[in-house]
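J.: 3D model of this:
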Amino acid sequence: MSVVLEHGNSPAADATVPWMVEDRGVPAMDPGEFADGALRPIAEKVLGGEYLTAEDGMALWETRDIFSLGEMANHMRRQKHGNVAYYNINRHINYSNICALACKFCEFHRKRGENGAYEFSHDDVFRIAGDAAAAGATEVHIVGGLHPWLPFDWYLEMLRGLRTRFPKLHVKAFTAIEINHFTKISKLSTREVLTALKEAGLGSMPGGGAEVFDDRVHDEVFKGKLRADGWMEVHRTAHQLGIRTNATILYGHVESRAERIGHLIKLRELQDEAPKGAGFQTIIPLSFIPEGSELGHLPGNTGLEDLKMLAISRLMLPNFEHVKAFWIMQSMKLSQVSLSWGVDDLDGTVVWYDITKREGGAGNQHQEQTVEGIRRLIVEAGFVPVERDTLYRRVVRSADGKQWSVAT
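T.: A predicted model of the protein is given here:
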C-alpha cells in the first residue's frame, strides 16, 4: 500500500498547483439555453431545490442533450461542494469468498473446497489492517460472503480485536445482506445484531447488496438474496442507532432505466426518514461488469451510460450530500471526467478488491491507486483534492503521510 504526499495535504499549499484554491462559487445556469426543451422545466426544479419526479428522471435518461444533463448535475454538485473533490486512504479486506448464495451476477462467491475458495483468520485480518494503519490508512472496509459456518461471535471478536489494536482506524463493515445473515445465525433481531456490532467497534456500514429495488429483477438475478424491503429495514435500523451508512445501485444488467429511477426514489424517501445527523452519507452507482459471471453474455455499460447514471443519481438525490464514483467499477479516467458530472468523491486507495475485477479477470485482486495518483487526477480535472475520513471530516497529515488527525 503506497501513501505518497510529496507536497503536503493542504490543497492551497500544494507545490504542484500553488494557484489552486478552494472556490465555493456556483456557475450560472440558464435553462433557456438548453438544446432539449424537455430539460428546461427540470432545470427550473433543480434551481428551485425541488425533488425531481419519476417522469423527470426518465426524461433525463432519454435526452440526447448530454451536455445540459451534465451542466445540471455539475450545478448541484458545485452548490454542495464548490470545486473540492474528496478521496480517502483506505484498505478493503474481503475476509472470505465462501458464500451460501450463488447470485447470477457474482463472480466472487465460492463453496468451501472449491478452487479459489478462501477464508481469513482473525490474525490475517489484523495483519492486513496493521499494514494499512502503518501506511497511513484511516479506514478499513470489510465485507465478505455469507459464510455458512462462522458463528456471530467470530465477527464480534474481529471487531473488538481491531478496535484494541488500531483504535484510530475506522471500521466500515458488513452489507445489509451480511447483517441479515447474522440475524439468522445468532437468532437475534436486526436491532440487536447492529447494537452488538456497534458496541464491538463497528463505525459505519457500506451500501453493498442493494442491487436494484425491484421484485422482477430480484427474482431473475438475485433470487434467495435479501429483498428491497429487507435491505431498507437494515439501513433504517442502523440510522436509528446512529450508524451512518452508504447506498448503492448495481446497474447495467437486466433492469430497465425506469427501475433504476424507482430505486433512487426509494433511497431518497428512506433518507428523508433518517434522524438528524444519521442516514446515508453517499450514493455509489456501481457499473455492472458481466465478465466471469452467469450474465457474461450481456454487453455491459458504455462510458456514456456510466456518466449519465452518475449525473442522474446526483440530480435525483439532492438530500444525499455526496456522490461517489467507485473507480474500480467505472475506471479511473471516466471517474475523473465524472467530477464535472455531479460526482464529488473518488473513493480511495483500496489496494485489494476481490469482488469485481474490471481488467485482468481472476487473480487480479490487487487494485490500487496511490495518493499522488488520485490527487493528480483530481487536479488535472480542475478540482481541489481534499483527503477525508470515512465520515467526510477533513484529514491533516504529517510530512511523511503516516500520522494524521481530523481537522478542527
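J.: which residues of the stretch 251-400 of the chain fall in helices?
T.: Counting by DSSP state H, counting those that start in this stretch, the stretch 251-400 of the chain has these helices, from start to end: 257-273, 303-316, 327-330, 332-338, 371-380.
J.: what's the longest one packed up against?
T.: Yep, that's helix 257-273 we're talking about. Helix 257-273 sits against helix 54-62, helix 228-240, strand 244-251, strand 280-287, helix 303-316, with contacts defined as 3 or more Cβ pairs under 8 Å, 6 or more residues apart in numbering; DSSP states H and E. For glycine as for every other residue, the C-beta is placed from the backbone atoms N, C-alpha and C.
J.: returning to what we had before: reformat the helices of the stretch 251-400 of the chain as TSV; add distance to Thr248 and mean pLDDT.
T.: As requested, these are exported to TSV (distance: least, Cβ to Cβ, whole Å; pLDDT from 0 to 100):
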stretch	distance to Thr248	mean pLDDT
helix 257-273	9	98
helix 303-316	10	96
helix 327-330	10	79
helix 332-338	15	92
helix 371-380	21	89
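J.: Mean neighbour count added to those, as TSV?
T.: Converted to TSV, the helices of the stretch 251-400 of the chain look like this (neighbours: other Cβ atoms under 10 Å):
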stretch	mean neighbour count
helix 257-273	19
helix 303-316	23
helix 327-330	24
helix 332-338	20
helix 371-380	20
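J.: Please name whichever of those helices is nearest to Ile98.
T.: helix 327-330 (21.9 Å; Cβ to Cβ).
J.: what packs against that closest one?
T.: Counting contacts by 3+ Cβ pairs under 8 Å, 6+ apart, helix 327-330 is packed against strand 280-287, strand 345-348.
J.: same for the last one, what does it pack against?
T.: In terms of contact count using 3+ Cβ pairs under 8 Å, 6+ apart, strand 345-348 is assigned the packing partners strand 84-88, helix 327-330, helix 371-380.
J.: can you do 10 Å?
T.: strand 84-88, strand 90-94, strand 139-143, strand 280-287, helix 327-330, helix 332-338, helix 371-380, strand 384-387 (3 or more Cβ pairs under 10 Å, 6 or more residues apart in numbering; DSSP states H and E).
J.: Using CSV, write out every CA atom in that strand.
T.: Provided in CSV are the C-alpha atoms of strand 345-348 (Å, rounded to 0.1, in the frame of the first residue of the first chain):
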residue,chain,number,x,y,z
ASP,A,345,-15.8,11.7,-4.3
LEU,A,346,-13.4,9.3,-6.0
ASP,A,347,-13.2,6.8,-3.0
GLY,A,348,-9.6,5.8,-2.1
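J.: From the chain's centroid, how far away is that strand?
T.: The chain centre lies 8 Å from the centre of strand 345-348; the measure is Cα atoms, centre = their mean, to the nearest Å.
J.: Give me every residue in contact with stretch 39-50, excluding its own residues.
T.: Residues outside stretch 39-50 that contact it (Cβ atoms under 10 Å, 6 or more residues apart in numbering): 29-34, 36, 51-53, 55-57, 59-60, 63, 65, 68-69, 71-73, 75-76, 79, 314-315, 318.
J.: and stretch 221-232, how far from the chain's centre?
T.: Distance of stretch 221-232 from the chain centroid (Cα atoms, centre = their mean) equals 19 Å.
J.: Show me which parts of it are buried, residue by residue.
T.: Buried residues in stretch 221-232, counting neighbours by 16 or more other Cβ atoms under 10 Å, are found at Val221, Phe222, Lys225, Leu226, Arg227, Ala228, Gly230, Trp231, Met232.
J.: And for the nearest residue to His235 once chain neighbours are set aside, the neighbour number?
T.: Of all residues not flanking His235 in the chain, Thr245 sits nearest, at 5.1 Å (Cβ to Cβ, 6 or more residues apart in numbering). Using other Cβ atoms under 10 Å, Thr245 is surrounded by 23 other residues.
J.: show me the contacts for Thr245.
T.: Taking Cβ under 10 Å, 6+ apart, we find Thr245 in contact with 172, 175-176, 204-207, 234-236, 238-239, 270, 274, 278-282.
J.: can you rerun that using 8 Å?
T.: By Cβ atoms under 8 Å, 6 or more residues apart in numbering, the contact set of Thr245 is Ser204, Met205, Pro206, Gly207, His235, Ala238, His239, Gly279, Phe280, Gln281.
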